[in-house]
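Chemist: need the 3D shape of this:
(chains A and B)
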Amino acid sequence: MSHGDDTEFEELNNTQRLKAALHYTVVQICKEVAMNEEVNINRQFVASLTETTWKQSEEFARDLEAFAKHAKRSTVNADDVKMLVRKSGSLHRHISELHQQRKDDKETTKKKQKSKKSKAPDEAVDDDSNM
Amino acid sequence: MGDERTATFKQKTVLQLISQFFQDGKTKMNNEALLLVTEVLTIFVAEAATRAVDQTKKEGLDEVTIDQFEKILPQLLLDM
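Modeler: Numbers count the residues shown, from 1 in each chain, chains lettered A, B, ... in the order given. You can find the predicted model right below:
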């Protein structure tokens, strides 16, 4: 049964590593927020914010999984995330805009790839050569 | 606020963070969802810090501590 102990130990390590990564970015974001303010943010505050973010992401994960399951999917998609932030109007708008922007970006790259493919190699000078 | 923000979570970190909390081992997350969750988490942290800074200034202090965090936390969680 020493095997079980090993995986437990590794999992603990992984959790600690994840928390450290989370903490690092929380520190960075806090620094940015406080940059143009005449206040300092102390360490205990940052540590508790990291802990809160950890708990909050657990909540997020549970909700996202439940939403996906309710839609009879096993993969969480963008609609589930929108559902997650439905209660906060401005956040919901921001997330929807970001998603739309993403979709538009993807479509333009797709179109570009398509037009590159459809362009005949001997008539590559004119953009609208196939008209 | 969004324009001046440069610090965000790494998507790899967020993916590990979120998927470790999934109850079902078969549950996955696609790239679009990951991008949006990353944004939500980043905004959550920035919002918490901003509210705590405002609270500190309202009290006429110059250091943000857990006292201020305690005061802003209930409403922050209700707003999510």
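
Chemist: could you use CA atoms for every contact and neighbour count after this?
Modeler: Noted.

Chemist: next, count neighbours for residue A:99.
Modeler: By other CA atoms under 10 Å in any protein chain shown, 19 other residues sit near residue A:99.

Chemist: is it in contact with residue B:34, as I believe?
Modeler: No - using CA atoms under 8 Å, residue A:99 is not in contact with residue B:34, being 11.1 Å away.

Chemist: now stretch B:48-62: how far from the chain's centre is it?
Modeler: Centre-to-centre, stretch B:48-62 and its host chain are 17 Å apart (CA atoms, centre = their mean, to the nearest Å).

Chemist: output that stretch as CSV, restricted to C-alpha atoms.
Modeler: C-alpha atoms of stretch B:48-62 as CSV (Å, rounded to 0.1, in the frame of the first residue of the first chain):
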residue,chain,number,x,y,z
ALA,B,48,-11.7,42.2,-5.1
ALA,B,49,-8.5,44.3,-5.0
THR,B,50,-10.2,47.4,-6.4
ARG,B,51,-13.0,47.2,-3.9
ALA,B,52,-10.6,46.7,-1.0
VAL,B,53,-8.5,49.6,-2.1
ASP,B,54,-11.7,51.8,-2.3
GLN,B,55,-12.7,50.6,1.2
THR,B,56,-9.3,51.5,2.6
LYS,B,57,-9.4,55.0,1.1
LYS,B,58,-12.9,55.5,2.4
GLU,B,59,-11.6,54.7,5.9
GLY,B,60,-8.7,57.2,5.4
LEU,B,61,-6.0,54.5,5.7
ASP,B,62,-3.0,53.8,3.6
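
Chemist: how about that stretch: buried residues?
Modeler: Neighbour counts using 16 or more other CA atoms under 10 Å in any protein chain shown place B:48-57 of stretch B:48-62 among the buried residues.

Chemist: give me the subset of those touching chain A.
Modeler: For chain A, the contacts drawn from the buried residues of stretch B:48-62 by CA under 8 Å from any CA of the partner chain are B:48-50, B:53, B:56-57.

Chemist: closest to residue A:11 among the residues you listed?
Modeler: Distance ranking of those against residue A:11, using CA to CA, places residue B:48 first at 29.0 Å.

Chemist: so who does the closest one touch?
Modeler: Residues near residue B:48 by CA atoms under 8 Å, 6 or more residues apart in numbering or on different chains: A:49, B:69, B:72-73, B:76.

Chemist: kindly report the same for residue B:17.
Modeler: Listed by CA under 8 Å, 6+ apart, the contact set of residue B:17 reads A:18, A:57.

Chemist: tell me which element it falls in.
Modeler: Using DSSP states H and E, residue B:17 sits in helix B:11-19.
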